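> Sequence first, predicted model second:
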Amino acid sequence: MKIETHTVHFTSPLYLESGRILEPYEIRYETYGKINEAKDNVILVCHALSGSHHASGLYEGDRKAGWWNNLIGDGKAIDTNRYFVICSNVIGSCFGSTGPMSEMYPSLQPYRLKFPVVTIKDMVRAQRQLLSYMGIHQLKAIIGGSMGGMQALQFAVDYPNLAEQIIPMATTYATRPWVIAFNKVAIEAIRRDPRFNNGNYSRDEFREDGCDGLAIGRIAGHISYLSPESMDRKFGRNYVATDGLFELFGRYEVERYMEYNTNNFSRSFDPLSYLYIVKAINTFNLSRGYDSLYEAVSRIKAKVHLISFAGDYLFFPEEMKHLANMLKRNNQKYSYHEIESDYGHDAFLVEIDKFDAIIKEILEVES
């Protein structure tokens, strides 16, 4: 599989939903496979909160492959022998696209909290500019899970002639209070961490020891990404062998898992970016800018393939079913699949064997 990574510098202004302007800005993106002469084999992949443009393959020296490596590649469901796949890092993130720790032109100082609030609609608009820069004006499909699914839906509404197929997974049409409440734990934990210092920290401040506030907030995130059943299966009531049961801070295996994963995450992900991306998720509402959700959905011309997961406790299947019912009433082209799973929200990243055949069939039937 051919992998290329690029960064594009845009000098034209990006007009944001808030009324503010981002100028200049950069987008980092990765491509897999080869584009054909007609440029009609292009698939856009949109990443979730903690993801990046590195969706598949291995960088030299890396042990961990891209976050959807089992789905994207030669001979896989998104077959890079047939399709040219693009995945870009969203604006506001910390993996190469312009975000809160980027230099605020013409100053050499980071934006920090002066970075404008960005929305899912803004992320999509920036990616549309990237596609135009690449000379791509028609997509075979747009696919994404969680926040990536939000982007896929927003693309379908805002740019109805861009893609043939829209495949949103484990997502929603508007973020509900349940999710916002989980995110509030992370927001407050970061803000109240003394080392966060109201965003006035150095770029490498947390590289060694991590950000405690982000680590604590990420525990709440992990709980929402899993399910009670998957936790029972993975950890049971097993106690850490080297910890004493009657030590106050002795740990169960589930506690050690949370500590390990969240501490590592807090060393690699920028806390300001986390705050900005969580804000984008919280404010997501597909109907904003339109008279109603009905009007927004009525704009869609692509065939929409909705995929939910039975054990998702973050974005419940009923939210995807609501969209499916609306598409059905409108006589719009759609399909709906509810995957049997008790893994939780992260099933779209982990249990790929349960839905990769569906993705492959969608792409092949529509070829």
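Cool, the structure landed. This structure is a prediction, so every number in the text was calculated from the model and none was measured. Numbering: from 1, shown residues only.

> and the gap between the nearest residue to residue 65 once chain neighbours are set aside and residue 271?
Closest residue in space to residue 65, ignoring its immediate chain neighbours: residue 58 at 5.1 Å, by C-beta to C-beta, 6 or more residues apart in numbering. (Glycine included, C-beta is placed from N, CA and C.) Residue 58 sits 27 Å away from residue 271, going by C-beta to C-beta, to the nearest Å.

> quick one: which of the two has more around it?
In this view residue 58 and residue 271 are compared by other C-beta atoms under 10 Å, and residue 271 has more residues nearby, 29 against 13.

> ok, the more buried one - contacts?
When contacts are counted by C-beta atoms under 8 Å, 6 or more residues apart in numbering, residue 271 touches 190, 193, 196, 206, 211, 213, 214.

> now residue 334
By C-beta under 8 Å, 6+ apart, the contact list for residue 334 reads 303, 304, 305, 306, 324, 327, 328.

> Tell me the bridge partners for the first one.
Using DSSP bridges, the bridge partners assigned to residue 303 are residue 165.

> Hmm, residue 18 is touching residue 116, no?
Yes: applying C-beta atoms under 8 Å, one finds residue 18 in contact with residue 116, separated by 5.9 Å.

> Show me which of those two is the more surrounded one.
Remark: of residue 18 and residue 116, residue 116 carries more neighbours, 19 against 12, as counted by other C-beta under 10 Å.

> Which residue lies nearest to the more buried one in three dimensions, sequence-adjacent residues excluded?
Nearest non-adjacent residue to residue 116, counting by C-beta to C-beta, 6+ apart: residue 20, 4.1 Å away.

> what's the distance between the helix or strand that contains residue 187 and the middle of its chain?
Take DSSP states H and E as the rule and residue 187 turns out to sit in helix 177-191. Relative to its chain's centre, helix 177-191 lies at 17 Å (C-alpha atoms, centre = their mean, to the nearest Å).

> same question, stretch 54-64
Relative to the mean C-alpha coordinate of its chain, stretch 54-64 is positioned 18 Å out (C-alpha atoms, centre = their mean).

> which parts of that stretch are buried?
Using 16 or more other C-beta atoms under 10 Å as the test for burial, stretch 54-64 gives 54, 55, 56, 57.

> Among these, which are located in strands?
Nothing among the buried residues of stretch 54-64 maps onto strands, per DSSP state E.

> could the residues you listed go into a markdown table alongside distance to residue 282 and pLDDT?
A markdown table is the format used below for these (distance: C-beta to C-beta, whole Å; pLDDT from 0 to 100):
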| residue | distance to residue 282 | pLDDT |
| --- | --- | --- |
| 54 | 25 | 97 |
| 55 | 24 | 98 |
| 56 | 29 | 97 |
| 57 | 32 | 95 |
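
> can you put those in CSV and add distance to residue 92?
Below are the buried residues of stretch 54-64 laid out as CSV (distance: C-beta to C-beta, whole Å):
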residue, distance to residue 92
54, 17
55, 18
56, 22
57, 24
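
> what is the orientation angle of the stretch of helix or strand residue 218 belongs to with helix 177-191?
If you go by DSSP H and E, residue 218 is part of helix 212-225. Here helix 212-225 runs at 160 degrees with respect to helix 177-191, directions being taken by axes from the mean of the first three to the mean of the last three C-alpha atoms, to 10 degrees.

> model confidence over helix 212-225, on average?
Mean pLDDT, helix 212-225: 95.

> One more: stretch 290-298?
On average, stretch 290-298 scores 97.

> ok, back up a step: write a ChimeraX command that selects only the buried members of the contacts of residue 271.
With 16+ other C-beta under 10 Å as the criterion, this ChimeraX line picks the buried residues out of the contacts of residue 271:
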select :190,193,196,206,211,213,214
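
> where does the stretch 51-200 of the chain have low pLDDT?
Of all residues in the stretch 51-200 of the chain, none has pLDDT under 70.
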